[in-house]
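> mind looking at a prediction? Sequence and model below.
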Amino acid sequence: MSNILVYIHAPAGAPTKGQRELLALAARLGEASAVLGGPADAAALSGLASAGATGFYAAAGGLDATGLIAPAVSLLEAAVRASGATAVLLPNTVEGREIAARAAVRLDAGVITDAIDVDADFTVTKPVLAGSYTVKAQATRGPALITLKANSVELREAAPAAGAAAPVHELELGEAGPAARITATAEHTATGRPELSEARFVVAGGRGVDGDFGPVEDLADALGAAVGASRAATDAGWIDHSAQVGQTGTTVSPQLYISAGISGAIQQKAGMQTAKTIIAINKDPDAPVFEIADLGIVGDLAQVLPQAAAEIRRRKG
Amino acid sequence: MSQNTGTPLNILVLVKHVPDVQFERHLTSPGQRLDRSDSVLSELDEYAIEAALALSESRGGEKAGNTVTAMTMGPDAAANAVKKSLQMGAAAGVHICDPALAGSDAGATSLVLATAIKQLGGFDVVLTGMASTDAETSLVPAQLAERLGLAQLTNLSKLEIAPGTTTVTGLRVGEDGVQSLEAALPVLVSVTDQANEPRYPNFRGILAAKKKKITTLTLAELGLAEGAVGAAGSATRVLSAAPRPPRAAGQVITDSGEAGIALVDFLADAKLI
């Protein structure tokens, strides 16, 4: 059976949904092992094992956490060489792509980003040109380095913990080479809402919210959704840039995308058109977003969103 | 120099000529390559050019010996991306142009760019945008850092080199939060669309650009074999491409006071709640 490595950026007590998707896909393709991009305690190892990891690779003496990217690249390179892995799966984040990019140079291997599926022969399916085409691609040399978009793998209920008996291989890393130092990290403020890139439901607001994200946040909370925004809304300073969905922001492919006050210019469609179901609310009956919406509502979002939020809360009792 | 601006910097900014994202874009067959007619300077590269010009100006600009060079790789028309960079204020341009380059993936592209950067030599800062707006992989900046042996300060929303120093600092919004980064020159930097507000070329800039030099480099001049680039040199290949079936427009209703309820009915029918 092929050895498949999964890069786990920050192991935690319970694996994130994205990490579970990576491990579930790896287990489907072969024998899954996790490469630990940070310190992992017994609970973290057990969580990863129950998500599908049958082995672990870690840096002997711990990974240098103050060096940007380069230490993780050295670890991944060493893990590929030690395991003879056929493929490596990484998250489709800034970090995941960059680690894959550099490891590919060292390993003379191909990288494919934005994967939404991987076949048994490592053919990768990915959307390109902002979702307007779907491409199948393959790595032709070296282990296939693949970054997987969130919400791409259907998860079954977690199997009971396979136990932390899976072995941890400690790898000696050489010099990581020149790297920027991380001198401080300001953690994102917790909103209590799901992570935008991983959320099943997203409610997004644009120019039409006219400065007030209250109705958008209200409906998001009634649904347990993440809050997104168009670039016009983040550029106006109405909401943090981290909420931006689209070409230069977070790409999302949720089950449900509710777009409020977003006209749907091509760049905005880019952020939403891989969503399974789209609902659009806009005052302008000619807004392009209605061309791609499963349900379009011509109306005032300040009226429609609070009414919907109240109705959801009423039905949930 | 009246102020202590430190040693002058040689800055290289990488730019790409890409199909305009305001219009529908197409893959052509055979080969599933991108139709590159109606191309423009990638919008995300304008932030890199602005960052390069601002860095130079913060140390006294061209008068103090700082240089900004714009480099691109691509077919004949790609020179337009360099021309726009010159109009914005870059002092010189480099265009790597060779028919064998067509079909290069990120790995092959980074090999060509790194070879050219080493051959030209002497750059303190290599600057790029956060992604190209066509392939959108963001792989090339990290691969350049690897091939050039440079510290990477990528995806920066803020970039600074304090006057009189050779330490680069920046802010990066990553998965773990907002990271403060620091590295000594020489470095590879990529900037996001939050980093600055790119300037527009003014009339004087447009006239001045006509006198600036664009050097063309071929594969042979870089000492690279044809097999190392293009489709042959790439470690990935596209097997097939299919246009996404157009999303059928669904039902559109006009709110007459009950649309919020209709929205919830729709969610319930679709078993989303």
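Perfect, I can see it now. Numbering: from 1, shown residues only, chains lettered A, B, ... in the order given.

> alpha carbons only for contacts and neighbour counts from here, please
OK.

> hey, where'd the helices end up in chain A?
Applying DSSP state H to chain A gives helices spanning A:17-29, A:42-50, A:70-83, A:94-107, A:214-223, A:231-235, A:266-272, A:301-316.

> which of those helices comes out lowest on mean pLDDT?
Among those, helix A:266-272 carries the lowest mean pLDDT, a mean of 71.

> then that helix to CSV, C-alphas only?
Written as CSV, here are the backbone C-alpha positions of helix A:266-272 (Å, rounded to 0.1, in the frame of the first residue of the first chain):
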residue,chain,number,x,y,z
ILE,A,266,-17.1,38.5,-11.8
GLN,A,267,-14.6,38.7,-9.0
GLN,A,268,-17.3,38.4,-6.4
LYS,A,269,-18.8,35.4,-8.1
ALA,A,270,-15.4,33.8,-7.9
GLY,A,271,-15.7,33.6,-4.1
MET,A,272,-19.1,31.9,-4.2
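
> got a list of contacts for that helix?
Helix A:266-272 has contacts (C-alpha atoms under 8 Å, 6 or more residues apart in numbering or on different chains) with A:130-131, A:230, A:245-247, A:250-253, A:257, A:262, A:278, A:289, B:21-24.

> now do the same for the residue nearest to the spatial centre of chain A: its pLDDT.
Centroid-nearest residue in chain A, with C-alpha atoms, centre = their mean: A:A150, separated by 3.8 Å. pLDDT, A:A150: 88.

> out of the helices of chain A, flag the one nearest B:S110.
helix A:94-107 (9.3 Å; C-alpha to C-alpha).

> the inter-axis angle of the closest one versus helix A:70-83?
Orientation check (axes from the mean of the first three to the mean of the last three C-alpha atoms, to 10 degrees): helix A:94-107 against helix A:70-83 gives 50 degrees.

> how about helix A:94-107: buried residues?
Going by neighbour count (16 or more other C-alpha atoms under 10 Å in any protein chain shown), the buried part of helix A:94-107 is A:94-105, A:107.

> can you tell if it touches chain B?
Yes. Helix A:94-107 reaches chain B (C-alpha under 8 Å from any C-alpha of the partner chain) through A:94-95, A:97-99, A:101-102, A:104-105.

> helices and strands of chain B: which one bottoms out on pLDDT?
Lowest on mean pLDDT, DSSP states H and E among the helices and strands of chain B sits strand B:27-28, with a mean of 88.

> now swap in chain A and tell me
The helix or strand of chain A with the poorest confidence is helix A:266-272; it has a mean of 71 (mean pLDDT, DSSP H and E).

> and the residue positioned nearest the centre of chain B, how far from A:I279?
Nearest to the mean C-alpha position of chain B, counting by C-alpha atoms, centre = their mean, stands B:G129 at 3.5 Å. Distance, B:G129 to A:I279, using C-alpha to C-alpha, to the nearest Å: 33 Å.

> try B:G164
54 Å.

> ditto for A:L48
Distance, A:L48 to A:I279, using C-alpha to C-alpha: 36 Å.

> which one of these two is surrounded by more residues?
Shown here are A:L48 and A:I279; by other C-alpha atoms under 10 Å in any protein chain shown, A:L48 has more neighbours (31 against 24).
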